[in-house]
Structures are given as structure tokens and as C-alpha cells.
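Asker: What shape does this take:
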Amino acid sequence: MINLSKPQALNADGITAPLRHLTFRRIWLASVLANLGALIRSVGAAWAMTQMTSSADKVALVQTALMLPVMLISMPAGAIADMYDRRIVALASVGIALAGAIALTALAWLGLITPNLLLALCFVVGTGMALMDPAWQSSVSEQVPLETLPAAVALNSISYNIARSVGPAIGGIVVATAGAVAAFAINALLYLPLIAALFLWKRISEPSRLPPERLSRAIVSGVRYIINSPAIKIVLIRSMVTGLIGGGLIALMPLVARDLLHGGAQMYGIMLSAFGIGAVVGALNITEVRKRMSGEEATRACLLSMGGAIVAVALSDQPMLTAIALFLAGAVWMIAWALFNIGVQLSAPRWVAGRSLAAYQAAGSGGIAVGSWAWGYVADVSGVQTALLISAGLMLVSPLFGLWLRMPRISTREQDAEMLADPQVRLELSGRSGPLVVEIEYRIAQENARAFHIVMQDVQLYRQRSGAYGWSLARNIADPELWTERYHCPTWLDYLRQRNRSTQSERALDLQAAAFHIGPEPVRIRRMLERPFGSVRRKNDQPNRAANEVVQGQGLIGVDELAEWDKR
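Answerer: Numbers count the residues shown, from 1 in each chain. Got it, this is the predicted structure:
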């Protein structure tokens with residue numbers, strides 16, 4: 001196992017290694033421009049809202065409108081990214097964002113924009129990018145070799161923060177000199193290079209021999225995987241809490257510039273740039289942080305530093321001091337989110353990578369979206385300074401979550417296990433035949449019962465992650481050495497998918513469980529149809545219209561096949 005403190009993929013020049021690959025380089029450079037345009041638009045939208053209303057919660061809702069789609073549609077977006085060609089999904093998603101940006105530009109130019117319409121169009125743009133993110137993030141492993149994946153993840157984070165280091169300042173200048181309409185127009189134009197880069201990507205897809213899942217079933221599969229993956233659950237909870245508490249700083253930044261520093265749009269842009277420059281510096285130092293600290297230690301240090309920086313922003317009325325505090329906040333904010341992102345990327349196998357990343361984005365963005373609204377409300381009631389001080393206090397105590405939800409040690413991304421041939425059946429089954437019941441009998445020496453039971457707890461989690469339900473482990477009271485593992489799959493097609501979703505370490509768990517088996521007979525496997533009435537003919541001469549629902553007989557695995565027994 002390789003934990004966060006000992007990365008192998010990021011060597012001396014590892015951070016730039018992914019840029020040697022043409023497809024990644026094109027998309028990465030185009031993403032920098034797209035992020036630049038998005039940040040210029042965000043400055044324009046936030047400042048336009050301050051000009052239309054004095055309500056702090058309306059200003060904060062701009063950030064919510066941009067981030068809320070990620071929380072609402074991330075799981076469907078992740079399922080779509082896993083089910084279909086990720087290049088096509090990304091192109092369609094950027095098209096939605098471009099349409100929203102063009103509409104925002106046109107309505108602002110015609111003078112028809114209102115606070116509610118501004119929020120609605122920001123939501124449309126956010127929806128497009130929320131659809132794109134899982135497809136883009138999960139396709140990184142298709143654009144670069146596996147050993148450079150952590151570096152590519154870091155570079156993707158840096159791309160946004162490179163844009164954030166200059167985008168808000170440019171946005172402030174654009175808004176101050178040409179108005180919000182110009183900011184919206186620039187945003188629309190800078191989506192075009194990303195569309196071109198995605199169009200030029202000649203993606204080589206590996207067609208599955210099984211048909212894609214339906215969207216609803218794919219979402220359920222993703223949720224089930226996450227629920228049964230302790231490492232991913234911990235990262236999601238920590239990222240949501242961090243976003244909920246820390247999102248107020250970014251959402252209230254226009255009010256910090258206007259009310260605490262008594263500046264205008266240009267001051268707002270400069271403060272955002274200070275945050276962005278800090279984020280770039282933080283991203284460039286992720287490797288060093290991972291070398292020196294474990295994931296939990298690094299996360300705690302980032303949250304404590306973030307809390308201190310927010311206190312400084314709340315109490316400062318000097319632009320220079322505020323900029324320094326925001327620089328620190330940006331650096332530690334970036335490191336914390338990069339650690340969360342890398343943790344999810346390396347914990348999820350390829351078949352569910354899009355959905356896992358979507359859940360991570362939903363958790364983090366949902367926390368930021370809800371936090372932005374909440375901190376805007378607190379600022380309306382108690383003032384900007386009070387809201388920031390409360391946020392800082394909560395951030396300073398948030399590392400206590402690590403006592404219960406310690407950041408997991410993260411290995412390199414697990415390799416998918418070898419694809420398996422379908423089990424032999426006597427009669428054909430349709431994909432909808434089911435539910436299917438699988439029973440596996442082990443004979444375990446009584447002195448090994450406890451050790452076997454411990455291994456089977458891990459087997460349970462991996463079975464459930466990959467699609468099984470109703471898992472149980474029973475011990476025969478008349479023959480204490482006989483144990484029976486039992487689980488269900490909804491249909492025959494779901495069972496075939498479940499068999500081929502294992503990683504190499506999960507396959508090793510099967511072998512570990514089989515190693516406890518004793519006795520003259522090998523492990524016994526039964527596969528049965530739970531509702532077989534459709535396979536029974538009422539009359540002997542009646543055509544067998546339900547031949548696709550025939551129960552498969554039990555199968556025996558011989559000693560010479562024991563190494564292959566887990567391929568059921």
C-alpha cells in the first residue's frame with residue numbers, strides 16, 4: 001500500500017509529465033481558457049448582482065446558482081459518463097454551457113437582465129459544466145499513462161487556479177471598463193477552444209460485450225458502490241463539511257471588497273486573484289506536502305490554516321493584509337481539495353470512476369452551494385465580519401471530524417481484474433431473467449472460523465459494491481464446519497456485470513476465502529433462479545416460451561480449477 005505521504009507517480013518532473021501527451025495537453029490548455037472565461041463571467045455576474053440589489057443573500061446566491069447544479073445532477077452526469085462515450089458527453093455538456101453564456105450575454109446587452117434571470121442563466125451554465133466534469137475527470141486516465149494519473153489530477157486542479165490567479169483581476173478590469181456584458185461575452189468565446197480540443201480527441205473506446213445499464217440502474221449501482229466503499233464515504237463527508245464551512249469566504253468576497261475594504265469591482269478582482277495565486281502555489285506543492293505528511297495530517301493542517309486566514313480577512317481593513325490572508329487561504333484550500341480529489345480518483349475502479357467523481361463533486365459543490373446561501377443569510381442578519389468569524393471558528397474545530405472519520409491511506413489506483421467468460425448454462429437466459437441467487441459452500445476448520453469470518457466481511461463489502469444485494473453468511477448448526485455464503489443479483493445481466501467488476505485485490509479476497517476451505521470436495525457453487533415459474537410448461541407438448549428463464553444446475557469447481565474459482 002502506498003499512502004498519501006509516499007507518492008510514486010510524482011517524481012522530480014512528474015507534475016509536467018502529463019503535458020507530454022498531445023490529447024491531454026490540448027484539453028488542459030483549452031480548459032485553462034474555459035476556466036478563465038468562467039471566472040471572468042463570475043466576476044461580472046457577482047458584481048452585476050451587487051449593482052441590482054443590496055441584499056447579501058442575493059449576492060451569495062450567484063455562487064449557489066453556479067455550484068448547485070453540481071450537487072443536483074452530478075450522479076446522473078457520472079452515470080452518463082460511465083455509460084456512454086465520454087468525449088461526446090463532454091462536447092454536449094460544453095454546448096449547454098455555451099448556450100447559457102450566449103443567452104446571458106444577449107439579455108444583458110439588451111438590458112433585460114434581472115436578479116432572478118441572472119441566477120437562472122448562471123444555473124444553466126453551471127448545469128453544462130456539472131455534466132461535463134465527471135466525463136472530463138474520469139477520462140484523464142484514458143489520456144495519460146496510469147503512473148502519471150496523480151500528476152494529471154494535480155494539473156487539472158492547477159488549470160482552474162491558474163485561471164483564478166489572473167481571471168478575477170481581468171474580470172474586475174473588464175467589468176470596470178466595459179461592463180458585465182463584456183465579461184459574459186468573453187466567457188462565451190473562451191468555451192470555443194475547449195470544444196475544438198474535445199472534437200480533435202480521437203478517443204479509443206473499449207466496447208463492452210455487455211449492453212450499457214439503464215440510467216436509473218447505473219445511478220443505483222454508483223450509489224451502492226459508494227455506500228459500500230468506506231474510503232470514498234469518508235472523503236465525501238469530509239469534503240462536504242469543508243465546503244459547507246469554507247464556502248462562505250468565496251461567496252462573500254464581493255462584500256469583503258465592498259464593505260470591509262471599501263473598494264469596487266477591481267478590488268474584488270484583485271482579492272480573488274490573490275486567492276487564485278495562492279491556490280496555484282498550493283497545487284505546485286502538493287507533492288512536497290504528500291511526502292512530509294499523511295493524508296489526515298495534511299488535511300488537518302490545511303483546515304487550521306484556512307480558519308486562521310478567514311479570521312485575518314474578517315478583521316482586516318487593509319487590502320495588503322487581506323490579500324496575504326487570501327493567498328494563504330487559497331494555497332491550503334487547493335491542497336485540501338486536491339487531496340480529496342486524488343483520494344477518490346485512486347479509490348474507484350474504472351467502471352464506476354465517473355460516478356464516484358460525480359459524488360465527490362456533488363458533496364463538495366453541494367456543501368459550497370448550501371454554505372454560500374447560509375453564510376449570505378448570516379451576513380444579512382449579523383454582518384459580513386460576523387459571518388466570516390463564525391465560519392473561521394467552525395473551520396478551526398472541523399479537524400475534530402478526523403477523530404471519527406480519519407482520511408484513508410490511499411494506494412495507487414487498483415487495476416481491473418481480467419474479464420471473465422460467462423458461466424456455462426444448459427439453456428439460454430435473457431438479460432432480464434432473475435432475480436438470480438448465488439450460494440457458495442465452504443468447509444472451514446473450526447479453529448479457523450474467526451479468521452474466515454473476518455475475511456468474509458471484506459468479501460461482503462466488495463460483493464455489494466459490485467452489484468450484489470441480500471448478502472448473508474450462515475453456519476450449519478448440525479455441521480459447524482459448513483458455511484454458506486448467499487447473495488442475490490437483480491437479473492442475469494446484472495450478475496454478468498457483477499462478475500466482471502472486480503479489481504485485482506477483490507479477486508484476491510476470493511482466493512483468500514477459498515484458501516480456508518478443507519475437505520475432499522472442492523468449494524461448491526449454486527446459481528439459481530429465484531422465481532422459476534416462467535420456465536415451467538403447463539403441458540408437456542406446450543412450446544417452451546420461457547426457455548430463457550431456466551435455472552442453471554449447481555456447479556462444482558475441481559481442485560485444479562481452484563485458482564479460477566472466483567470467476568463465477
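
Asker: Check which residues of stretch 506-517 are buried.
Answerer: Buried residues in stretch 506-517, counted by 16 or more other C-beta atoms under 10 Å: E506, R507, L509, D510, Q512, A513, A514, F516, H517. No exception for glycine: its C-beta is placed from N, CA and C like everyone else's.

Asker: Please narrow these to those residing in helices.
Answerer: Of these, the ones assigned to helices by DSSP state H are E506, R507, L509, D510, Q512, A513, A514.

Asker: For the stretch 51-200 of the chain, which segments count as helices?
Answerer: Under the criterion DSSP state H, counting those that start in this stretch, the stretch 51-200 of the chain contains helices at 56-83, 86-109, 115-138, 140-143, 149-178, 180-189, 192-200.

Asker: Put together JSON lines for the ones you listed, with mean pLDDT, mean neighbour count and distance to S365 on each row.
Answerer: As requested, the helices of the stretch 51-200 of the chain are exported to JSON lines (pLDDT from 0 to 100; neighbours: other C-beta atoms under 10 Å; distance: least, C-beta to C-beta, whole Å):
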{"stretch": "helix 56-83", "mean pLDDT": "77", "mean neighbour count": "24", "distance to S365": "3"}
{"stretch": "helix 86-109", "mean pLDDT": "91", "mean neighbour count": "20", "distance to S365": "15"}
{"stretch": "helix 115-138", "mean pLDDT": "86", "mean neighbour count": "23", "distance to S365": "8"}
{"stretch": "helix 140-143", "mean pLDDT": "78", "mean neighbour count": "19", "distance to S365": "19"}
{"stretch": "helix 149-178", "mean pLDDT": "76", "mean neighbour count": "23", "distance to S365": "13"}
{"stretch": "helix 180-189", "mean pLDDT": "91", "mean neighbour count": "23", "distance to S365": "19"}
{"stretch": "helix 192-200", "mean pLDDT": "92", "mean neighbour count": "18", "distance to S365": "20"}
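
Asker: now for those helices, which one comes closest to A363?
Answerer: helix 56-83 (8.0 Å; C-beta to C-beta).

Asker: For the closest one, name the packing helices and strands.
Answerer: Judged by 3 or more C-beta pairs under 8 Å, 6 or more residues apart in numbering; DSSP states H and E, helix 56-83 is in contact with helix 22-52, helix 86-109, helix 115-138, helix 215-227, helix 230-251, helix 253-255, helix 353-382.

Asker: Tell me what angle that helix forms with helix 215-227.
Answerer: Relative orientation of helix 56-83 versus helix 215-227 (axes from the mean of the first three to the mean of the last three C-alpha atoms, to 10 degrees): 100 degrees.

Asker: now the angle between helix 353-382 and helix 56-83, please.
Answerer: Inter-element angle recorded for helix 56-83 and helix 353-382: 170 degrees (by the same axes, to 10 degrees).

Asker: can you pull the contacts of D458?
Answerer: By C-beta atoms under 8 Å, 6 or more residues apart in numbering, the contact set of D458 is L509.

Asker: Am I right that it is in a strand?
Answerer: No. Read with DSSP: H, G, I helix; E, B strand; the rest coil, D458 is helix and lies in no strand.

Asker: circling back to that earlier point, which among the helices and strands packed on helix 56-83 is found nearest to H488?
Answerer: Closest among the helices and strands packed on helix 56-83, once you apply C-beta to C-beta, is helix 215-227, at 12.7 Å.

Asker: contact partners of that closest one?
Answerer: 75-76, 78-80, 82-83, 212-213, 232-233, 236, 348, 352, 355-356, 358-359, 464-467, 469, 494.

Asker: just stretch 46-57 next, same as before
Answerer: Outside stretch 46-57, the residues that touch it by C-beta under 8 Å, 6+ apart are 58-59, 61-63, 108, 113-115, 118, 172, 175, 180, 252-255, 258, 265, 268, 373, 376-377, 379-380, 384.

Asker: Go ahead and measure how far that stretch is from the middle of the chain.
Answerer: 32 Å (C-alpha atoms, centre = their mean, to the nearest Å).

Asker: can you count the residues close to the nearest residue to V235 once chain neighbours are set aside?
Answerer: Beyond its immediate neighbours in the sequence, the residue positioned closest to V235 (C-beta to C-beta, 6 or more residues apart in numbering) is G343, lying 4.6 Å away. The number of residues packed near G343 is 25, by other C-beta atoms under 10 Å.

Asker: Check the burial of Q457 by counting its neighbours.
Answerer: Applying other C-beta under 10 Å, I find that Q457 has 9 neighbouring residues.

Asker: residues in contact with the residue nearest to the spatial centre of the chain?
Answerer: Closest to where the C-alpha atoms of the chain average out (C-alpha atoms, centre = their mean) is L357, at 1.6 Å. Contact analysis of L357 by C-beta under 8 Å, 6+ apart lists G78, D133, P134, Q137, S138, N341, V344, Q345, A348.

Asker: And A257, by the same measure?
Answerer: Under the criterion of C-beta under 8 Å, 6+ apart, the neighbours of A257 are G263, G264, M267, Y268, M271.

Asker: what residues are up against the first one?
Answerer: It refers to G263. Contacts for G263 (C-beta under 8 Å, 6+ apart) come out as A257, P319.

Asker: SS state for it?
Answerer: Of the three states, G263 takes coil according to three-state DSSP.

Asker: quick one, phi psi at it?
Answerer: When read as degrees, to the nearest 10, the backbone of G263 gives phi -110, psi -170.

Asker: Look up how far M253 lies from it.
Answerer: Distance of G263 to M253, given as C-beta to C-beta, to the nearest Å: 11 Å.

Asker: what does A363 give?
Answerer: A363 is 22 Å from M253, by C-beta to C-beta.
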